[in-house]
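> Okay, sequence plus prediction incoming.
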Amino acid sequence: MVKGIEDKPVTEWLAARVQNLETPLEFELITGGHSNLTYKVSDQAGRRWVLRRPPLGHVLEGAHDMVREHRLLASLAPSDVAVPPVVGLCTDDQINGADFYVTEFVDGHVLRDGESAEAVDPLYRSRVGERLIESLAAIHAVDLEATGLADLGKREDYVARQLRTWLRQFNAMTSRSLPLIERVHDALAKKIPTQSESTLIHGDFRLDNCLVTGEGEVAAVLDWEISTLGDPLADLGILLAYWSEPDDIFLPLGEAATIENGFSKRSDLIEKYSVVTGRDTNEIDFFYAFANWRLACILEGVHARYVGGANVEIPDEVEIFPHSVVHLVERAAEIIGA
């Protein structure tokens, strides 16, 4: 029995959607995620799928929306964005206690630390950054009307709304006093650049939310749970906040693949994005600061959920998250001048 999975009803549900399913199924929690729970599903013939469900325990209202995430993947299937093919969505809580959806399994590597980085030859590692930026550009070029995603979210004032949302979520989840969070929030709110366009944005675009081949190609972009419409430069800022370099004084998640030999620098990513999209990146320092502050708020919530038992396993790096939160908000304060 795997925690978070009701074997019999889930098996029956999947059997109604996959021809010649060979039972019994095997369910394995895929570690590494800090929000929704992701499981590898295998049948006796060796075929594989991925099942996604909300975390166990307390869930903030409006968060972890499986219906919305499934809609995004289904809508993006005909686009230039690489996403896993969708098998189906279940909204009957009697099946597994919560909504879930299933996709095909996509082969690829999740590059999260030095060990996983070895999956990509150093000769191809610079390609990883280039392909990530090309994938990000493809997301930002999605035709919202053609994909039916024009109503995914509000288009205007994206950063201002994000600042309010993440401050509210930080305050709802934290159990300590950290005044710098509000001070940086206020400084960012006063310096928001004018939003000149609104595109589809991933919302959590980073290396380990993508599957990468051994040759540095992007096989699939994953984890669309907070995707919405907004300023595309916010996505680039998020990628930069997670993208660590060898000389960085701290690693937000405790370890990082990109500090290994051969990976691009943050400046390379900015330049590549500007060339591929033609967008002005002069305000990227603001979005980098905003992304660091936002990541601080996210990690505070992730730590609180683990402490509260909402996720099945507690990874070692979560223990450092309270310290990472402080480092991140201090870095944001330095960039923005708070």
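Received, thanks.
> Glu12 is in contact with Thr23, correct?
No. At 9.3 Å, Thr23 does not count as touching Glu12 under the criterion of Cβ atoms under 8 Å. C-beta: built from backbone N, CA, C; applies to glycine.
> What are the boundaries of the helices in the protein?
Secondary structure of the chain (DSSP state H): helices located at 7-15, 66-76, 93-96, 114-117, 125-140, 144-147, 158-173, 179-190, 232-242, 266-277, 284-307, 321-336.
> now for the fifth one, which elements pack on it?
Contact partners of helix 125-140 among helices and strands, from 3 or more Cβ pairs under 8 Å, 6 or more residues apart in numbering; DSSP states H and E: strand 199-201, strand 210-212, strand 218-221, helix 232-242, helix 266-277.
> check contacts around Arg266.
Applying Cβ atoms under 8 Å, 6 or more residues apart in numbering, we find Arg266 in contact with Leu240, Trp243, Glu245.
> now that we have those, which one has the most neighbours?
Neighbour counts for the contacts of Arg266 (other Cβ atoms under 10 Å) peak at Trp243, which has 23 neighbours.
> So Glu22 versus Gln44, what's the distance?
Counting by Cβ to Cβ, to the nearest Å, the separation of Glu22 from Gln44 is 4 Å.
> Tell me the one among the contacts of Arg266 nearest to Leu188.
Relative to Leu188, the closest of the contacts of Arg266 is Leu240; by Cβ to Cβ it sits at 15.5 Å.
> How about the contacts made by the closest one?
Contacts of Leu240 (Cβ under 8 Å, 6+ apart): Arg266, Leu269, Ile270, Ile284, Phe287, Tyr288, Ala291.
> Likewise for Ala74?
Counting by Cβ under 8 Å, 6+ apart, Ala74 touches Val86.
> gap between it and Leu149?
Applying Cβ to Cβ, one obtains 10 Å for the distance of Ala74 from Leu149.
> Measure how buried Ser198 is and give me the count.
The tally of other residues near Ser198 (other Cβ under 10 Å) stands at 18.
> So what's the residue count around the residue nearest to it when sequence neighbours are not counted?
Counting by Cβ to Cβ, 6 or more residues apart in numbering, Ser198 lies nearest to Arg155, which is 3.6 Å off, once chain neighbours are set aside. As a burial measure, the neighbour count of Arg155 was computed by other Cβ under 10 Å and equals 16.
> so Arg155 makes contact with Asp231?
No. Between Arg155 and Asp231 there is no contact, the gap being 9.5 Å when judged by Cβ under 8 Å.
> For those two, list the residues in contact with both.
Both Arg155 and Asp231 are in contact with Ser198, where contact means Cβ under 8 Å, 6+ apart.
> one step back: of the helices of the chain, flag the one that's most buried.
With neighbours defined as mean count of other Cβ atoms under 10 Å, the helices of the chain peak in mean count at helix 232-242, which reaches a mean of 25.
> so how far is that helix off the chain centroid?
Mean-position distance between helix 232-242 and its chain equals 11 Å (Cα atoms, centre = their mean, to the nearest Å).
> before we move on, what about stretch 201-217?
Average the C-alpha atoms of stretch 201-217, do the same for its chain, and the two points are 9 Å apart (Cα atoms, centre = their mean).
> same check, this time on stretch 285-302
The chain centre lies 13 Å from the centre of stretch 285-302; the measure is Cα atoms, centre = their mean.
> try stretch 81-95
Relative to its chain's centre, stretch 81-95 lies at 17 Å (Cα atoms, centre = their mean).
> Give me the mean pLDDT for it.
Averaged across stretch 81-95, the pLDDT comes to 97.
> Identify the spatial nearest neighbour of Ala219, chain neighbours not counted.
Using Cβ to Cβ, 6+ apart, the closest residue to Ala219 is Gly108 (3.7 Å).
> Please verify my assumption that that neighbour contacts Glu215.
No. Using Cβ under 8 Å, Gly108 is not in contact with Glu215; the gap is 10.9 Å.
> Show me which of those two is the more surrounded one.
The residue with more neighbours, out of Gly108 and Glu215, is Gly108; 18 against 12, by other Cβ under 10 Å.
> what packs against the lowest-mean-pLDDT helix or strand in the chain?
Between all helices and strands in the chain, the lowest mean by mean pLDDT, DSSP states H and E belongs to helix 284-307, at a mean of 91. Taking 3+ Cβ pairs under 8 Å, 6+ apart as contact, the helices and strands that helix 284-307 lies on are helix 158-173, helix 179-190, helix 232-242, helix 321-336.
> of all the ones you listed, which lies closest to Ser126?
Using Cβ to Cβ, the nearest of the helices and strands packed on helix 284-307 to Ser126 is helix 232-242, at 15.4 Å.
> Just want the angle from that closest one to helix 158-173.
50 degrees (axes from the mean of the first three to the mean of the last three Cα atoms, to 10 degrees).
> just the contacts of Leu240 now: which is nearest Val184?
Taking Cβ to Cβ as the measure, Val184 lies nearest Ala291 of the contacts of Leu240, at 11.9 Å.
> in this structure, which residue is closest to the centre?
Asp204 (3.6 Å; Cα atoms, centre = their mean).
> Make sure that residue is actually in contact with Thr228.
No. Under the criterion of Cβ under 8 Å, Asp204 is not in contact with Thr228, lying 10.8 Å apart.
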